[in-house]
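Undergrad: structural data only, the sequence is not supplied:
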C-alpha cells in the first residue's frame, strides 16, 4: 500500500476512540456514615440505602438514612457549635477556614469530578470543567466576604441567623452544596446540609474536606437520607433558617410548613426558561447557545432554556440548523471525556420525561429526536426537539427537567416578552440579538431573575442567581447572596 | 446563488451575513479543544495531518539547495519508514517553483506558490497578475494569493472581489488559495465577510494567514472560516477548502484543528483536497508523535532530519 | 568543632519580576533598630525608578485584563507564601522595629490577615463602588470602578511590614500596578515580601520595589509623568506637601492617610480607582 493510500483509507472520517476517565480515581468507600459534630457516625437506627450509577444501574456505595433522631443530633451539634464557637469566631478567622476549603476542593478536584459523574450521570467534561471549578470559586468568593461584612451593604456588623437547615437537589450536587454552605458560613451561621437522595457522595467527600480544613466540630453537618430526612429538618424547632433548592411542588410544601414558624426561608425552585431568538442573532453562536441551554446537564437545570421563542421570519432556518446540531451530540458513557450528554439521574426522572414527551406528541407537536444509539443499561433519553409547539401545550408550560426543547414562534419584541412571561415561573431567560438597545429593552421587561444575552447557562459566584414568582425567592451569589444568611 | 454583477449587489449580500459573537465563537473553539483524541484515532489523525501539510519555506534567504532539502523531505518525511505518507504540497516563492518542480518530478506532492506580492499584497494589479502567471508557467499546481487588506478595511470590497476573480482566471488549471490575513482583519465579523468575498470570487481554498504577521491561525478563526465554507456549500453548491497557516507547531494543535473541521463541516472535509496545514516545524512534531505512539516512549528531536 | 559559616544575603531591587542591583551600583547600610549592622541594601537611583515605572506601565493592561478571580488567587497565594516563611519575616520585623519575637510574630500574623483581606476584595470592589444609575430616560446606565493605572507608593518609614502591605496591596487589588519606595530605615521585610511575590504567580511588573534614600527618590516618582497616582504616607507633612505639588504637574491622584485610619476603611481602595460610567439606549 503506498504512503498516500494508507493515509487515504483513514481519511474522511474521524471517529473518536473511547477516552474514559478512570472510576478508581473516585476512591469510593463501600459505605458512608453521617457527618455530625466533626466526625462520621452510623445513623441511630442503623438504616442505610444504596446509591447507584445511573449510567449502568450499578451500586456505588451505601449511605446512611438519617431519621428524626439523627436530624436532632445534627441540629443540636450545629446549635452548640454556633453558641460556643462559631458566633465567637471573627470574620477574619471564618474567612481563612473558607479559603482552606476552597483550596482543598481545588487540590482534590479530579477525585471530586469523578465522584460527581459516577453518582449523577453527568459527563466528566462538565464535572471537571464546570461543576468542580465553580464550587471552589464559590468558596473563594464568600471566603472574601467573611472579613468585610461591614461593607456588604447591610449596615455595620450584620449578625447571622444562627443554625441553617439546607436541602439541595441532585442536578449539581457539589455545586449546590457550595452555594449553600459558603455564604452561610461566611455570614457566621452553622449548617446542617441534606444532599439529595440519589446524589449523596460528593457532599460526603466535602465532609472529609471540612474535616481536613479542621473546621470546629458542628459548624458543618452533612446528613444523608430521603425526603423524610428533609422534612424532619424543615420541621425542627431549633433551626433558624431553611434554604431549599428543588421542585416548586416541594418548595410549596416547605413554605406551608414553615409559614407559622419563626424560620427564615429562601427557595430556589423550578423554571421554564424562554430563549428568545431575534432575526439578527449571531447565528452559529446562537445555535450553540440553544443547545447549551437545554442539553447541558441533560436538561436537568432549573434555569434551562427549555422553550425556544424564535422570531417567525427565521424559524425554519433556525430549526434546520438546530436539528442538524442535535444529531452531532455525543450521548453515552459519562466517564468518557468526549461525551456531551450523559445519563438521566434516576428511573423516576426518566419516567417523568417520557410521560411528558409522549404528551407532546399527542398534543400535536412535531418531534425530532437524535438518532444516537443509547446504552442498554442505565437511564437514557435521546435529545429531543419539539417544533410547532403552542403556548397552551403542556410541553410549553410544564417543567420537563430533561433534554427536551419546545419551539414556539413570535412576531414582535412585545409578543416575545409576553409569551416569555406567560408562565407562573420566573427564573431565567435568554435573549439573542446583535442590537444592544433591543436586548436591554427586552431584558428590563422579562420577569426573570437571570437574563442571559447572547449566551446561556453562565454562572459565577459574583453574579446573583434566583427566581421570581413560583421559581422562588432569595438570591445566591454576589453581595445579594449574603442577605439570605444575615439577620437584616 | 445569483452571480455577483456589481459592488452594490456584493455589499448587500455581505451585509446580510450574520454577525459572529466573539465570546461564543471562542467558547465553542475552546470546548472543541477539550476533545480527548487517543490511541488509534490519534494515529489516524497524525497520518491525516501529515498528508495535509503544505511544507513551507518563504524566506528571503531561500536557495535552490534549501528547496531541494525541503522537497526531499516532503516526498519522504521519514526515510526509514515508508508507511509515513508524503505531504500534500511544498510551498515556495514563485522564483523557486521551477526548481521545486524539477526535484519533485512525478511525485504526488504538489507545488504551491505564493503570489500577488506576497505577503503584503501592496502592488498594482498588473504586477500581481504577472506574479501569478509566472508561477503557473513555471509549473505551480497551486497558487496562494493574498487579498488586498487595505481595500477590504477601507470598504472597497468590490475591488477585493475583482482581484480574486482576475487571479483565478490567471491561474488557469492551478488551484487558487486565497489568503485572508485574518490577523490584520482582526474581528471575526471581518473574517466571515472576507471568506465569503473570496469564495464568491472563485477561491478553491480560503487560507488564514501568510505566517508573516504577529497573529496567524487560531482555532476560533478556523471555526468561523469553516462555518462560512459549510454555509457556502449549502447556498452555492460548491465545496471550498480551508488552509490554516502560521503558528501551528505541535501535533496537539494540529489535532485540535482536525476536531474543529470534523465537528463543523464534517468528515467530508478531512482530506488534503479540502484541508491543509501551512507549516514547517509541525511536520517533525507529527513524526515524533507518530514514533512515540509506536515505541511507547518519548523520542528526541534529532531522530528526524531538520528539514 | 568549628561554627558553620552562613551564607549571607544580598538585598536587591524588584523590577519587572527580576532582582537587579541598582544601575548606579550603590548600596547603603541598614542597621537594626538597636544599632547593629543588618544589611547592605541597594541604593536605588532615578534610572531605577524610571525602569520600574516602565515595567509597571507595561504590566498594567494585562493585570487589569486578568479576571478579578485570578487577581484574588494571586494575592491569596502571596498570603500562603508569607505564612510558610513567617519566621523569616518575623526575624526581620523584630530586628528592624526593635520588638521582641512575640510582638513580631503578631505583626506578621496581622500582615498576612491583611493580605487575605485584600485578596478577597478583587471580585467585590465593583459591587461596592459600582452600580447602575436610574437616569431619567430610556438608558441603561452603569458605573464601574477601573484602576487609575500606575501608582507610586512612598511607604511609611516605621511600620516595616503591615504598613507596606496596606500601601501596596490596596492599589494592586483594584487593578493598579505599583512602584514602591520601601522604608529607608526598615526596608528588609518589604524586600523579603517582594521575593515572595516571585513564587506567588505575580505577573512581572505588578509590584516593583526600589530601596534607597527617600529624599532622593521621592521627587523622581512624584514628578514622573507616567505615574497616575501617588501615596505620600512615608513623608513628613511638609515634604508630603512638596511632593503633592510636584505631583500636580500631571494631575496625579494624591493619597494622604488620615491620622487614625480604620483598618476596615476603604479609603486606600477608593484612592486609586476611576469611575467609568456607560450609557446605552433601551428601545426596540
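TA: Yep, that arrived. Quick caveat: nothing in here was measured; it's all calculated off a predicted structure. Numbers count the residues shown, from 1 in each chain, chains lettered A, B, ... in the order given.

Undergrad: going forward, measure contacts between C-alpha atoms and count neighbours the same way
TA: Fine.

Undergrad: please identify the buried residues of stretch B:236-249?
TA: Counting neighbours by 16 or more other C-alpha atoms under 10 Å in any protein chain shown, one finds that the buried residues in stretch B:236-249 are B:238-249.

Undergrad: please read off the pLDDT at the closest residue to residue A:468 other than its chain neighbours from the model.
TA: Spatially, and ignoring its direct neighbours in sequence, residue A:468 is nearest to residue A:426 (4.6 Å; C-alpha to C-alpha, 6 or more residues apart in numbering or on different chains). pLDDT for residue A:426: 97.

Undergrad: my read is that residue A:426 contacts residue A:471, right?
TA: Yes: Residue A:426 lies in contact with residue A:471 (C-alpha atoms under 8 Å); the separation is 5.5 Å.

Undergrad: shared neighbours, those two?
TA: Common neighbours of residue A:426 and residue A:471 are listed as residue A:271 (criterion: C-alpha atoms under 8 Å, 6 or more residues apart in numbering or on different chains).

Undergrad: thinking again about what came up before, helix or strand: which one has the residue nearest to residue A:468?
TA: In this structure, residue A:426 sits in neither a helix nor a strand according to DSSP states H and E.

Undergrad: ok, it - contacts?
TA: A:271-273, A:447-449, A:467-471.

Undergrad: give me the low-pLDDT residue ranges for the chain?
TA: The chain I'm using is chain A. Low-confidence regions of chain A, defined by pLDDT under 70, span residues A:1-12.

Undergrad: that was the other one, I meant chain B.
TA: B:1-2, B:307.

Undergrad: try it again at 80.
TA: Within chain B, the set of residues satisfying pLDDT under 80 comprises B:1-2, B:306-307.

Undergrad: how near is the residue most central in space within chain C to residue C:231?
TA: For chain C, residue C:168 is the residue whose C-alpha lies nearest the centre (C-alpha atoms, centre = their mean; 1.8 Å). Distance, residue C:168 to residue C:231, using C-alpha to C-alpha, to the nearest Å: 9 Å.

Undergrad: let's verify whichever residue of chain A sits closest to chain C: helix, strand, or coil?
TA: Taking C-alpha to the nearest C-alpha, chain C has its nearest neighbour within chain A at residue A:144, 3.8 Å off. Under DSSP: H, G, I helix; E, B strand; the rest coil, residue A:144 falls in the helix class.

Undergrad: residues touching it, list them.
TA: A:95, C:116-117, C:119-121.

Undergrad: adding neighbour count, distance to residue A:243 and secondary structure, write those residues out as CSV.
TA: Output for the contacts of residue A:144, formatted as CSV (neighbours: other C-alpha atoms under 10 Å in any protein chain shown; distance: C-alpha to C-alpha, whole Å; DSSP: H, G, I helix; E, B strand; the rest coil):
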residue, neighbour count, distance to residue A:243, secondary structure
A:95, 27, 22, helix
C:116, 26, 29, helix
C:117, 27, 28, helix
C:119, 31, 28, helix
C:120, 30, 25, coil
C:121, 24, 27, coil
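
Undergrad: quick check: residue A:95 touching residue A:148?
TA: No: applying C-alpha under 8 Å, one finds residue A:95 not in contact with residue A:148, separated by 9.3 Å.

Undergrad: common neighbours of residue C:168 and residue C:231, please.
TA: By C-alpha under 8 Å, 6+ apart, residue C:168 and residue C:231 have these common neighbours: residue C:153.

Undergrad: quick one: neighbours of residue B:23, just the number.
TA: Close neighbours of residue B:23, defined as other C-alpha atoms under 10 Å in any protein chain shown, add up to 12.

Undergrad: name the residues that touch stretch A:430-449?
TA: A:273-282, A:286, A:305, A:413, A:417, A:420-421, A:426-429, A:451-456, A:465-468, B:19, C:140, C:280-284.

Undergrad: and that stretch, how far apart are its ends?
TA: 11 Å.

Undergrad: cool, stretch A:444-459 as well?
TA: Span of stretch A:444-459 from end to end, C-alpha to C-alpha: 20 Å.
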